[in-house]
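Visitor: Starting from these lines, generate the structure:
(one chain, ligands or ions: 1)
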Amino acid sequence: MTAQLIDGLALSRLWRTRLTERVAALRARGVQPGLAVILVGDDPASQVYVRNKVKACHEVGIHSVLETHPADLSEDALLARVRALNTDPAIHGILVQLPLPRHLDAHRVIETIAPEKDVDGFHVANAGALMVGQPGFWPCTPHGCMKMLEHIGVDLRGKHAVVIGRSNIVGKPMALMLLQANATVTICHSATADLAHHTRQADVIVAAVGRPRMLTADMVKPGAIVIDVGINRDANGKLCGDVDFDAVREVAGWITPVPGGVGPMTITMLLANTVDAAERATA
Ligand SMILES: Nc1nc(=O)c2c([nH]1)NC[C@@H]1CN(c3ccc(C(=O)N[C@@H](CCC(=O)O)C(=O)O)cc3)C=[N+]21
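Guide: Residues are numbered from 1 along each chain as shown. Modelled structure (predicted):
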């Protein structure tokens with residue numbers, strides 16, 4: 001039996017159609033949602049990502065402002081830009097593209113963003129809100145993964161979910177979201193002894209490691225749901241996830257592809273957070 005595909009592009013199209021309608025409703029009462037994207041430096045991968053985000057905004061009618069700064073921008077200058085956007089009424093969401101050049105303290109920059117404009121959901125106030133189940137912005141990548149799980153109609157209550165990776169932007173918030181959906185959650189990471197022992201018990205596996213094709217077929221229980229957060233280049237320069245897709249799809253029940261899986265859903269959740277922010281700011 002071959003796994004069914006969870007198509008992040010198709011689900012994104014569905015979501016973006018609905019978001020376009022919400023943007024139209026906002027515009028009908030004189031509000032255009034606005035997203036500011038700040039890019040520091042000239043990392044080519046970041047430039048591609050940022051351009052894709054701006055393009056996606058345009059697609060649903062969100063006004064976007066792309067600010068690019070030289071790699072040697074001072075932290076004070078960057079913080080001043082963030083503070084100016086915090087009080088700019090045309091801007092409802094602020095995203096500072098990561099990673100930042102080494103001389104800039106990403107924590108300090110993120111904590112300077114007004115939490116109600118932090119559409120990445122990285123500010124401690126939003127991380128704390130997720131932790132205690134209060135309303136706030138959820139980080140886009142794990143949020144997109146949850147929407148994919150919802151879409152296939154799986155009831156997570158009592159299911160065993162294994163998250164591989166413990167980053168603040170994916171692994172940790174992913175585990176909290178799965179917990180909130182009543183799954184039993186295990187977080188595995190680089191110091192986990194016998195990773196396969198854990199993954200083989202899992203009804204749901206979320207791989208967010210950043211190592212090409214590290215989740216192999218022997219690590220997956222037949223019928224499991226496999227969500228691949230990885231965006232890697234393999235030795236041949238080919239885009240691939242953290243999951244050995246060709247082999248795992250023969251074992252899993254459901255699987256997300258790379259590309260066309262979690263990536264597009266991440267951008268879609270960014271659009272959703274920006275529309276939410278505009279609705280909340282003007283309610
Ligand atoms: N402040 C901040 N917020 C972010 O959300 C953020 C960030 N910084 N820094 C970088 C990562 C990476 N990220 C991706 C989003 C979409 C795709 C995506 O759509 N990927 C396509 C393929 C794109 C390709 O061809 O490379 C896909 O999976 O189908 C990938 C990566 C957001 N990030």
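
Visitor: how close does the spatially closest residue to Q97 that is not a sequence neighbour get to R51?
Guide: Here the nearest residue to Q97 in space, its sequence neighbours aside, is L39; by Cβ to Cβ, 6 or more residues apart in numbering that works out to 4.8 Å. The way it works is simple: take the backbone N, C-alpha and C, and place the C-beta from them, glycine included. Going from L39 to R51 by Cβ to Cβ, to the nearest Å gives 9 Å.

Visitor: quick one, which of those two is more surrounded?
Guide: Between L39 and R51, counting by other Cβ atoms under 10 Å, L39 is the more crowded of the two (20 against 13).

Visitor: Doesn't that one lie inside a helix?
Guide: No. Using DSSP: H, G, I helix; E, B strand; the rest coil, the secondary structure at L39 is strand, not a helix.

Visitor: how's this protein carved up into domains?
Guide: When the chain is parsed with automatic domain parsing, its domains come out as 31-117, 140-262.

Visitor: Would you mind finding the most buried of the ones you listed?
Guide: Among the domains of the chain, domain 140-262 has the highest mean neighbour count (mean count of other Cβ atoms under 10 Å), at a mean of 19.

Visitor: near the ligand, anything from that one?
Guide: Yes. On the criterion Cβ under 6 Å from any ligand atom, domain 140-262 is in touch with the ligand at C140, I231, L239, V258, P259, G260.

Visitor: mind listing which of these are in strands?
Guide: L239 (DSSP state E).

Visitor: Please identify which pair of the residues of domain 140-262 next to the ligand lies farthest apart.
Guide: C140 and L239 (19.2 Å; Cβ to Cβ).

Visitor: among the domains of the chain, which is nearest E279?
Guide: Among the domains of the chain, the nearest to E279 by Cβ to Cβ is domain 31-117 (8.2 Å).

Visitor: returning to that earlier point: residue contacts, the residue nearest to Q97?
Guide: For L39, the contact set (Cβ atoms under 8 Å, 6 or more residues apart in numbering) comprises S46, Q47, V50, L66, E67, T68, H69, Q97.

Visitor: Quick check: T282 vs A28, distance?
Guide: Taken as Cβ to Cβ, the span from T282 to A28 is 12 Å.

Visitor: Looking at those two now, which is surrounded by more residues?
Guide: Higher neighbour count among T282 and A28: T282, with 13 against 8, using other Cβ under 10 Å.

Visitor: Leaving out sequence neighbours, find the closest residue to that one.
Guide: Distance criterion Cβ to Cβ, 6+ apart; nearest residue to T282, sequence neighbours excluded, is V31 at 4.8 Å.

Visitor: Find me the pLDDT at that neighbour, would you?
Guide: We have a pLDDT of 98 for V31.

Visitor: Equivalent analysis for V60, please.
Guide: pLDDT recorded at V60 is 98.

Visitor: And what about the closest residue in space to G253 that isn't next to it in sequence, helix, strand or coil?
Guide: Counting by Cβ to Cβ, 6+ apart, G223 is the residue found nearest to G253 once chain neighbours are left out, at 3.9 Å. Under three-state DSSP, G223 falls in the coil class.

Visitor: wouldn't I227 be in contact with V258 here?
Guide: No. I227 is beyond contact range of V258, at 10.5 Å (criterion: Cβ atoms under 8 Å).
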